[in-house]
Every structure is written in structure tokens, then in C-alpha cells.
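Participant: Pasting a predicted model and its sequence here:
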Amino acid sequence: MRFLPLILSLMAVPAGAEEVRVVAGVDSLQDAIAGSLPGDVLILGDGTHVGPVTIDRPLTIRAEGEAVVDGRGQGTVLTIADDDVVVRGLSVTGSGKSHEHIDSGIKITKEADRALIEGNRLIGNLYGIDVHGGRDAVVRGNVIEGTQNHRMNERGNGVYVWNAPGAVIEGNDIRYGRDGIFTNTSKDGIYRDNLLRDLRFAIHYMYTNNSEVSGNISIGNHLGYAIMFSNRVVVQNNMSLGDRGHGIMLNYANNADVSGNLVRGGTEKCTFIYNAHKNLIYDNRFEGCDIGIHFTAGSERNVLTGNAVLGNRNQVKYVGTKDVEWSFDGRGNFWSDHPAYDLNADGIADSAFRPNDLMDHILWSQPAAALLTGAPAVQLIRWSQASFPATLPGGVVDSHPLMTPVNIPVSDDVAAMEAAAAERWKTGDHDDIDVENLASH
């Protein structure tokens, strides 16, 4: 086994390729690229390598020590324009400020398939990494810190994916900027195990189909996971902790698998389901929000089962004239405000549960009526509806409520970050953000 490191090092360099050491300087990196052959490995020495730089052949570019590539405010710092390029271990900074040209730390063009961007630090660029048409790109294990302009909508995204099928965006630590990961007009991607903080949206989907969002952690953002105008998306085992607006939004999203997610703490809506159809929403935990589940705009044929809805000011917001069943195959959801019994000990409550009633409808449509919440007349109406269910106007019905909630553990280090972000929304000016205004997206 003592020969294994030698074998691995030989495998890392293609046959016939050379390792070329590049000294920091103004044109040294671009000159080294121009003089290299496909498959060469360029090793960047300590210091500042001045960009912008275009990589127009299959190369590996990696750092030895503290190598910085600085665009000095001119366009995109590193542009990848050929297949099979690897960029590893660099610090990349100093992009331009043009949204029109998507000035970025690293840009992967449509001519560049199978790029690997791994273990880099991208600090203070308008956009961190722009995957702009290249297929099967992998963006893994990078630290990306965007700009901190006062208005979030004037910042760029940490990772922007446009028309880039097969992209894998995983294990990145993304902070500041506008959206952590924004994917538009793409498909067959995997977005997993990323840490996303201090952003507008953690992960923002538009017209992105047949893809996966899994194992991500969103802390202290305006919105956790916005799945919009997208079909067949797996949203699984993510966390939204202390996000401001919504934890998970399904907006014109169909045939999604939403499971094993945790949303908790201070959020206006744990989950917002708007004109979204035929989605499976199960085994999630929605806790400590103003509204647990907001269900509206004619969403049809969705299955909700096995979810835990705990300690929200309003467990469900739904306004409609028909009953909507939220159980499947004899298994409903856990409701922290359901005073249930289970005499046969089968884990299913002995009575059905309605998480909203006529007074809820009135309060949602006429907010000023909240002044009457404690009035005897309101309590009489609630008692009457509980005693005579025929008077109910329609709404959510769980015919088989669960007795035990699903538990989703949070590690100590993640809980510490959640606690640090808990008070951030009580101060500051956030008027430029309206998560339900599609024009602002």
C-alpha cells in the first residue's frame, strides 16, 4: 500500500501532460495558458495573478499556497471556454459589476462541458460562479461570499445555472449576495448539501425540471426554497431555519416529491402552496411559523401525509368552499393543537381534525376582525362549529391524524448558526424584498 500515493498522483495527471508552475504577475497566467497543451496542469504560486483570464483548452489549474486570481473590476475573472477544465483551490476576486454581462468570479460557457470547480474561495464578486450553458458541470466544496450592497436585488447570485443540463452543485458554503443558487431554464440537475446564509432566496428554481434539491441548510434568508414553474423536482431532507418569509414555496410547481424537510423558527409561512398540483408532501416538520401551511389558488390533487405541524400561530391557512382531505391510505398528519385520543394504540387519533374553521376564514379575509378574537361571540361560534360540524363552510380535513410527530434532528453546529441568526429580522430595512411578487424575482 505504500505505493498508493504515487499511483494516485500519476492518475491525476493525464499521460503526456506536464506540470507547469506559474509565477504571480500581470500576464503570467494567460501567457501560461497560451503556451500549454491539452491536459497540462498549471500550478499557481503565491501572490496575485491578474485577470481577466480565459481558459480555452482542457487544463487543470490549481493553487500551490495562497494563489489569488484578481480581475481588478474588469468583467469575469476566469472564463472557461473548453471542455474538461478543472479549477481547484484558488482564491478568485475582483469581478466587474455588470448584471447585463453577468460578471462573475468564474463563468462556464456553453462551449465548456464537464467543468469541475472545486475547493475554491470566491470573495466579493458580483456573481460567484455562472454555469452558462455548459453541460455536466460540477461545482463542489467552494466558499462563495457575494457583495453586500444595501439592496439585495442589486447583488448577484452565488451560483447561477442557466440552460446547463446535468449540473451538480454540492457541498458549497454560500453567503451574502442575492440568491444562493438560482437555476433557470435547466434540467437534470442535483443541488445538494449546500450551506446558504444571509441571502434573498437560498435556492431559487425557475423552469427547472427533473432535478433534485436535497440535504441543503438555509439559515437566516428571506426565503428558503422557492420551487417555481418547475416540474418533477425532488425536495428532500433540507432545512430552513429562521428564514424570514417562507421556508418552502411551491409556486406553479407540479409532480414534486417534498419530504423529510424541516422548517422552523420565525418564518411567516413554513410552506406556501400556490397553484401547485399533484405534489407528494410527506414526513416534513413545520414548526414555529406564523402560518404552518398556506394552501391557495386552486391547488389540486396534492397528497399531504406524515407531516408534523407544530406550534404555529395558525396551523393552516386555506379559504375554500369544499373539503380538502389531508391524509392518504389511512395515515394523516400530526397536529400539535389536536387534543386527540388513541384508545386502540394504533398511532392514529380516534377523531378527525379540522385545522381551520369559519372564524379563521373571517380573520384571514377581514384582518381587522382580529380585534374580536377574544370576544364571547367568537368563542360561541367556535364552540358551535365543534359541536355541529355541518355548519362548517369547507376546508382542510385530516381524517386520520397521527399521535406522534416526525422528528428531524439538528446538529449542534447548525443549531448554533440558527441561534445567531434568530434576531436578525427585528432590525434593518428589507423593503426591496417581496417574495410573492413574481416581477421582483
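Facilitator: Sure thing, it's come through.

Participant: hey, let's count contacts and neighbours off CA atoms from now on
Facilitator: OK.

Participant: where are the low-confidence patches of the stretch 251-400 of the chain?
Facilitator: 297, 319-321, 357-394 (pLDDT under 70).

Participant: hmm, 50 instead?
Facilitator: Applying pLDDT under 50 to the stretch 251-400 of the chain picks out residues 359.

Participant: can you count the residues close to the residue lying closest to A421 once chain neighbours are set aside?
Facilitator: Leaving aside its chain neighbours, A421 sits nearest to G220 (5.5 Å; criterion: Cα to Cα, 6 or more residues apart in numbering). The tally of other residues near G220 (other Cα atoms under 10 Å) stands at 31.

Participant: thinking G220 is in contact with R244, fair?
Facilitator: Yes. G220 is within contact range of R244, at 6.8 Å (criterion: Cα atoms under 8 Å).

Participant: Let me see the contact set for the residue nearest to A421.
Facilitator: G220 is in contact with R197, D198, L199, L241, G242, D243, R244, E418, A421, A422, R424, counting by Cα atoms under 8 Å, 6 or more residues apart in numbering.

Participant: Let me know the closest of the residues you listed to D283.
Facilitator: Among the contacts of G220, L241 lies closest to D283 (Cα to Cα), at 17.1 Å.

Participant: V309 and G215: what is the separation?
Facilitator: 21 Å (Cα to Cα, to the nearest Å).

Participant: Look at these two and report which has more neighbours.
Facilitator: Using other Cα under 10 Å, the more surrounded residue of V309 and G215 is V309, with 27 against 20.

Participant: Now do the contacts for that one.
Facilitator: V309 touches R285, F286, E287, G292, Q315, N333, F334, W335, S336, counting by Cα under 8 Å, 6+ apart.

Participant: Cross those residues against strands and list the overlap.
Facilitator: R285, F286, E287, G292, Q315, F334, W335 (DSSP state E).

Participant: Would you format the contacts of G220 as JSON lines with secondary structure, pLDDT and distance to G189 included?
Facilitator: As requested, those are exported to JSON lines (DSSP: H, G, I helix; E, B strand; the rest coil; pLDDT from 0 to 100; distance: Cα to Cα, whole Å):
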{"residue": "R197", "secondary structure": "strand", "pLDDT": "95", "distance to G189": "21"}
{"residue": "D198", "secondary structure": "coil", "pLDDT": "93", "distance to G189": "24"}
{"residue": "L199", "secondary structure": "coil", "pLDDT": "94", "distance to G189": "21"}
{"residue": "L241", "secondary structure": "strand", "pLDDT": "96", "distance to G189": "24"}
{"residue": "G242", "secondary structure": "coil", "pLDDT": "92", "distance to G189": "27"}
{"residue": "D243", "secondary structure": "coil", "pLDDT": "93", "distance to G189": "24"}
{"residue": "R244", "secondary structure": "coil", "pLDDT": "89", "distance to G189": "27"}
{"residue": "E418", "secondary structure": "helix", "pLDDT": "92", "distance to G189": "28"}
{"residue": "A421", "secondary structure": "coil", "pLDDT": "85", "distance to G189": "30"}
{"residue": "A422", "secondary structure": "coil", "pLDDT": "77", "distance to G189": "31"}
{"residue": "R424", "secondary structure": "helix", "pLDDT": "70", "distance to G189": "32"}
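
Participant: buried subset of those?
Facilitator: Using 16 or more other Cα atoms under 10 Å as the burial test, the contacts of G220 include R197, D198, L199, L241, G242, D243, R244, E418, A421, A422 as buried.

Participant: Just the closest of those residues to L343, please.
Facilitator: Of all the buried ones among the contacts of G220, L241 has the smallest distance to L343: 35.7 Å, by Cα to Cα.
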